[in-house]
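In: Can you look at this prediction? I've put the sequence above it.
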Amino acid sequence: MKVYDKYIKDITKIGRFTMLLGLVVSFLPPLVMTLVFGFNPGLGAILAGAISQISVSGAFYFSEPISYFPIVGRAGLYMGFLSGNLVNMRIPAAVSALEGSGYKSGTDEGAIMGTIGIGVSIWVGIIFLLLSVFAGQTLLANLPESISRMLSLIIPALFGGVFAQFALKSPKSGIFALTIAFVMTKIVDIIPGKPSFIVTLVSVFATIAFAKRQLIRKIDNKEA
C-alpha cells in the first residue's frame, strides 16, 4: 500500500469519528435545553425552521463537497466542514497554498497542500478568534463608520479573489459561470418564494459540465 493510500485510509477513520462527534456536540445544547430545562418550541416550529434552512442551504450539501474536493482532498473536507467558514476562510487558504506550492488541484500533492492551507487557517482563526473575544468588541465599537462599512465587503472580495484565480486558468468557464449565475438569479426572482438555493445548484453543476466539456474537447484536439 502506498503511503498516500494509508494516509487517506487513516484520515477517513479519524474524519468519520470527528464528524460524528461534532454532530453529537452540535445537538447536545438543544437536547439539554429540552430534556433538562424543559424548553421546547414544539415539533411544528422545529420542522418549519429545518425546512426554511434546507431551502436556503440545502444545495450546498451537494455542491460544496463536489466543488471543493479537487482543491482540498478528503482530509481538507473533513477539517473544513468541521471547523466551518469553509468558503470565506478555508478555501481561500487552500487555494493560496496550492498557488504557492505550484501543485495542481485534483492531484494527491495538491490535496495535501490544500489540507495544509486549511490546517494553518484553522489555527490562525483560533488565535484571532481568541483575540477578538477579548478585545474585538471594544475595537469594533471604536472604528470609524467608513471602516465598519468596508468590513462588510470582505466576504464578496474573497469570493471574487478565489473566482479570479480559477477563471484565469479557464476564461471560458469563468464567463460561463458568471453568465449562468446571472441568468439563474433573474429566473429565481420571478419564482414564488425565491428559492435562492437553485442559483447555487444550477450554477455549480452547469459550470462543472461546461468545464468538463471544454477539457474533453481540448484533449480530443491534442490527440487529433
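Out: The structure has been received and is ready for your questions.
In: I'd guessed residue 87 sits against residue 161; true?
Out: No. With contact defined as C-beta atoms under 8 Å, residue 87 does not reach residue 161; the gap is 11.8 Å. (C-beta placed from N, C-alpha, C; glycine too.)
In: So for those two, which residue has more residues nearby?
Out: Neighbour count, other C-beta atoms under 10 Å: between residue 87 and residue 161, residue 87 has more, with 17 against 12.
In: How is this protein divided into domains?
Out: 60-169, 170-224 (automatic domain parsing).
In: what pLDDT, on average, does the longest one get?
Out: Yep, that's domain 60-169 we're talking about. Across domain 60-169, the average pLDDT comes to 80.
In: Over to residue 38: give its phi and psi.
Out: phi 80, psi 10 (degrees, to the nearest 10).
In: Can you report how many residues lie near it?
Out: 7.
In: what about it, distance to residue 119?
Out: According to C-beta to C-beta, to the nearest Å, residue 38 and residue 119 sit 41 Å apart.
In: likewise residue 64?
Out: For residue 64 relative to residue 119 (C-beta to C-beta), the value is 19 Å.
In: how far out from the middle of the chain is the lengthiest helix in the chain?
Out: The longest helix of the chain (DSSP state H) is helix 3-35. In terms of C-alpha atoms, centre = their mean, to the nearest Å, the centre of helix 3-35 is found 18 Å from the chain centre.
In: And for stretch 145-163?
Out: Counting by C-alpha atoms, centre = their mean, stretch 145-163 comes out at 17 Å from the chain centroid.
In: Kindly export it (C-alpha atoms) in CSV.
Out: In CSV, the C-alpha atoms belonging to stretch 145-163 read as follows (Å, rounded to 0.1, in the frame of the first residue of the first chain):
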residue,chain,number,x,y,z
GLU,A,145,-18.2,54.1,10.3
SER,A,146,-16.5,54.1,6.9
ILE,A,147,-14.2,51.3,8.0
SER,A,148,-17.1,49.3,9.5
ARG,A,149,-18.9,49.5,6.2
MET,A,150,-15.8,48.4,4.4
LEU,A,151,-15.5,45.3,6.6
SER,A,152,-18.8,44.1,5.1
LEU,A,153,-17.1,43.8,1.7
ILE,A,154,-14.6,41.2,3.0
ILE,A,155,-16.6,38.1,2.0
PRO,A,156,-17.5,39.4,-1.5
ALA,A,157,-13.8,40.3,-2.0
LEU,A,158,-12.8,36.7,-1.0
PHE,A,159,-15.3,35.2,-3.4
GLY,A,160,-14.1,37.4,-6.2
GLY,A,161,-10.4,36.6,-5.5
VAL,A,162,-11.0,32.8,-5.5
PHE,A,163,-13.1,33.1,-8.6
